[in-house]
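# Predicted model follows, preceded by the sequence.
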Amino acid sequence: MSIEWPAHGLKLQSRIEGGTAKIGVIGMGYVGLPLAVAFCEAQCPVLAFDLDDAKINALKAGESYIKHIEGARIAPQVEAKRLDATSDLSRLGEADVLLICVPTPLTRHLEPDLRYVEATTAAIAKTLRKGQLVILESTTYPGTTREVMQPILEAGGLVAGKDFFLAYSPEREDPGNPTYSTTQIPKVVGADDKVSADLALALYKHVVPQTIAVSSAATAEAVKITENVFRAVNIALVNELKLIFTAMDIDVWEVIDAAKTKPFGFMPFYPGPGLGGHCIPIDPFYLTWKAREFNQHTKFIELAGQINADMPQHVIRVMSDTLDARFGRGLRGARILVLGVAYKKNVDDIRESPSLRLMEMIEARGATADFHDPHVAQINGTREHPTLNYRHGVAWDVAALARYDAVLIATDHDSVDYAALVEAAPLVIDTRNACGKGGIVSSKVVRA
């Protein structure tokens, strides 16, 4: 059955397909900034929103504040007047399309914290007009777009799917991934009416190689949760295997590398000191919380979360036991250098990084925890780790490594000289197999 499009929907469709629709991107972080730049590079006008004036001033100056997004990509867009930036939310009505890319953290009780989504939606509602398309990209539980956002947007009398349009398309950013950037990753789109879905699909075709339509916004929300639960569960599995195989004196990394030679039925995941990044440590708990509404219990997911959350304790235990066995001392009074505070290698992203938890745990045991990270000079803006905020890293100094009791490799950045590290440090606790991957064999190296 054919759908009759409202006139303002047809007008918006024409603007989107013609590349003249103004696209507002709300939240200029690790998701919003690359998305805004991608649309600009597709010749679409973009209005970037963020409440952080430092980010807005940087964008207006054509500069980047995220390491893997080069300023050379931003400056030409500002010069061509395709990219404008503002912290003034009263300008939300200027945009034809609004993409919401704000944080969705957890509360202290591991429940969804949607305050940023709700506040952004309320700000949009103040200037909402007929013919606007609103798309949530932030990761969340199934039902958020329909149950949380839609009532706020409709409170002024406009109706979703008729007067304005509403959809969900999950972000799939992997900061620093050299193979897959924003414009190389297919986009899943879901909406609760066909007009909204078609408009969103037409929009993303400007910047991605493929769009995948699903039947509803909740389905699209479930897709993102599923992707991240899959990763969290499999990482928990290899973390548990690491403990088992270590007890058997078997190298888990060697096992995984051999297993991945099978061309089917196996996908490699690798153990580590804990989970980091915005998605994997957080998103499974969104589904756990929502499942309780339907009297469902996510036993498997919660077990995986427990295993991953326990990994920092395992690392601290290995480090303490090794210091005791080799040097007759524990952690109290020890000097520890944590190598890497980014949650993954070769990026400057510290969101949910296990390194921060490890530093807190080291210092709680009476030791000092310095850090060196070639991509992170200072720890900034961590709500969960206030005692570490504004702490500066130490410079890379091979001669100084001998003055530490142990170096803890928490992030395996490629630019680090691991051979020099092992040569100089009295003890290296390697949670990423960085030394093994570099072919470095030494009794000083203990994997954890």
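Good, I have the coordinates. Numbers count the residues shown, from 1 in each chain.

# Local confidence estimate at Arg108?
On the pLDDT scale, Arg108 is placed at 83.

# Secondary structure class of Val207, three-state.
Secondary structure, DSSP: H, G, I helix; E, B strand; the rest coil: Val207 is coil.

# For Gly277, give me its contacts.
Tyr343, Lys344, Asp349, Arg351, Glu352 (Cβ atoms under 8 Å, 6 or more residues apart in numbering). Every C-beta, even on glycine, is put in place using the N, C-alpha and C of the backbone.

# any chance of those in a markdown table, with distance to Ala155 and pLDDT too?
Listed next are the contacts of Gly277 as a markdown table, based on distance: Cβ to Cβ, whole Å; pLDDT from 0 to 100:
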| residue | distance to Ala155 | pLDDT |
| --- | --- | --- |
| Tyr343 | 38 | 94 |
| Lys344 | 40 | 92 |
| Asp349 | 36 | 90 |
| Arg351 | 32 | 88 |
| Glu352 | 33 | 89 |
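
# Of the residues you listed, select the buried ones using a ChimeraX command.
In ChimeraX, the members of these classed as buried (16 or more other Cβ atoms under 10 Å) are selected with the following command:
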select :343,344,349,351,352
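
# Show me the strands in the protein, by range?
For the chain, applying DSSP state E gives strands covering 23-26, 46-49, 83-86, 97-100, 133-136, 165-168, 187-190, 211-214, 335-339, 368-372, 406-409, 428-430, 445-447.

# who's in contact with the second one?
With Cβ under 8 Å, 6+ apart as the contact definition, strand 46-49 has outside contacts at 22-28, 32-33, 36, 39-40, 56, 59, 77, 82-87, 89, 91-92, 94-95.

# which of these are buried?
23-28, 32-33, 36, 39-40, 56, 59, 77, 82-86, 89, 92, 95.

# shaky segments in the stretch 1-150 of the chain?
1-2 (pLDDT under 70).

# if you compare the strands of the chain, which one is most tucked away?
strand 165-168 (a mean of 29; mean count of other Cβ atoms under 10 Å).

# Distance to Ser196 added to the strands of the chain, as TSV?
Shown next, in TSV, are these (distance: least, Cβ to Cβ, whole Å):
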stretch	distance to Ser196
strand 23-26	16
strand 46-49	21
strand 83-86	26
strand 97-100	11
strand 133-136	7
strand 165-168	4
strand 187-190	9
strand 211-214	11
strand 335-339	47
strand 368-372	46
strand 406-409	47
strand 428-430	49
strand 445-447	50
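
# out of the ones you listed, nearest to Phe264?
strand 211-214 (23.7 Å; Cβ to Cβ).

# Tell me where the stretch 151-300 of the chain has helices.
194-204, 217-247, 252-259, 283-293, 299-327 (DSSP state H, counting those that start in this stretch).

# Let's have these in JSON lines, adding mean neighbour count and distance to Gly277.
Output for these, formatted as JSON lines (neighbours: other Cβ atoms under 10 Å; distance: least, Cβ to Cβ, whole Å):
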{"stretch": "helix 194-204", "mean neighbour count": "23", "distance to Gly277": "23"}
{"stretch": "helix 217-247", "mean neighbour count": "19", "distance to Gly277": "9"}
{"stretch": "helix 252-259", "mean neighbour count": "15", "distance to Gly277": "20"}
{"stretch": "helix 283-293", "mean neighbour count": "20", "distance to Gly277": "10"}
{"stretch": "helix 299-327", "mean neighbour count": "17", "distance to Gly277": "12"}
